[in-house]
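> what's the 3D shape of this:
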Amino acid sequence: MKNPSILFLMFIFLSCKIDNKKDIAVMFRGDAPHNATYLNPPIDTLHGIKWKIKIDGKVFSSPAIYKGVAFVGGSNKFHAIDAKSGLEIWSIPVDGPANSSPAVYGNMVYFGDFSGKIYAVDAVSGAVKWTFFEKGERKFGAKGLHGMMPKDQYMTDDWDFFNSSPVITEDKLFVGSGNGNIYALELKTGEKIWSF
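Numbering: from 1, shown residues only. Purely as a prediction, here's the structure:
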């Protein structure tokens, strides 16, 4: 597999009919409880590749599609892509890979990156409205990690990264962090309401 990012995006955008006329939050698995409930009718037949795009870096998150735009994070940038044509509308640099699936509401897109930063970005212009940062990722390691040999050698877990996808409900944004906390943030300002 030469570039998993291209293949991933090609798969996601195979003849999807996108119609987000209602201004509701679009997020990982469709809704706040993650019930995998979507407004769009199911896709019964795939009609082939509609378009493909090459982006700088790898993609691990699933995109959020809102008002005809696909929002997806990569290892170097966060992208807004026209879902009909596949043309990039805008991209912004991130401080670490943006591996969380984004949430979109009220023409704002919210996502986290590996540095521990949460972003609120204008979905139309790509302008960063606010960021929230709280300690970021905490790496895990142990001797003989996951049964690896030698048992007395300390090893770090290269796959220990936390990619919490934000949840939006009642004008609040909820997100987990690799530092072990869950945060509730004001949706409009990014101000911390509480952490647990």
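
> Which helix or which strand is home to the residue in the chain sticking out farthest from the centre?
The outermost residue of the chain relative to its centre, with distances by CA atoms, centre = their mean, is Asp152 at 37.0 Å. Counting by DSSP states H and E, no helix or strand carries Asp152.

> Tell me how many other residues crowd the residue lying closest to it once chain neighbours are set aside.
Closest residue in space to Asp152, ignoring its immediate chain neighbours: Lys143 at 5.7 Å, by CB to CB, 6 or more residues apart in numbering. (Each C-beta comes from the backbone N, C-alpha and C, glycine too.) Using other CB atoms under 10 Å, Lys143 has 11 neighbouring residues.

> same thing with the one 10 residues further on?
Using other CB under 10 Å, Gln153 has 10 other residues around it.

> my read: it touches Lys143, true?
Yes. Between Gln153 and Lys143 there is a contact at 6.4 Å, judged by CB atoms under 8 Å.

> What segments of this protein are strands?
In order along the chain, the chain carries the following strands (DSSP state E): 64-66, 69-73, 77-82, 88-93, 103-105, 108-112, 117-122, 128-133, 141-143, 154-156, 167-169, 172-176, 182-186, 192-195.

> Reformat those as TSV; add distance to Gly48.
Shown next, in TSV, are the strands of the chain (distance: least, CB to CB, whole Å):
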stretch	distance to Gly48
strand 64-66	19
strand 69-73	18
strand 77-82	18
strand 88-93	22
strand 103-105	27
strand 108-112	28
strand 117-122	32
strand 128-133	36
strand 141-143	46
strand 154-156	43
strand 167-169	34
strand 172-176	36
strand 182-186	41
strand 192-195	46
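
> Any idea which of these gets closest to Lys54?
strand 88-93 (10.0 Å; CB to CB).

> on contacts alone, who are the packing partners of the closest one?
strand 77-82 (3 or more CB pairs under 8 Å, 6 or more residues apart in numbering; DSSP states H and E).

> Next, the residues that contact the strand it packs on from outside, please.
9, 53, 55-57, 63, 68-73, 87-94, 98, 102, 109, 111, 113, 119, 121, 123, 126 (CB atoms under 8 Å, 6 or more residues apart in numbering).
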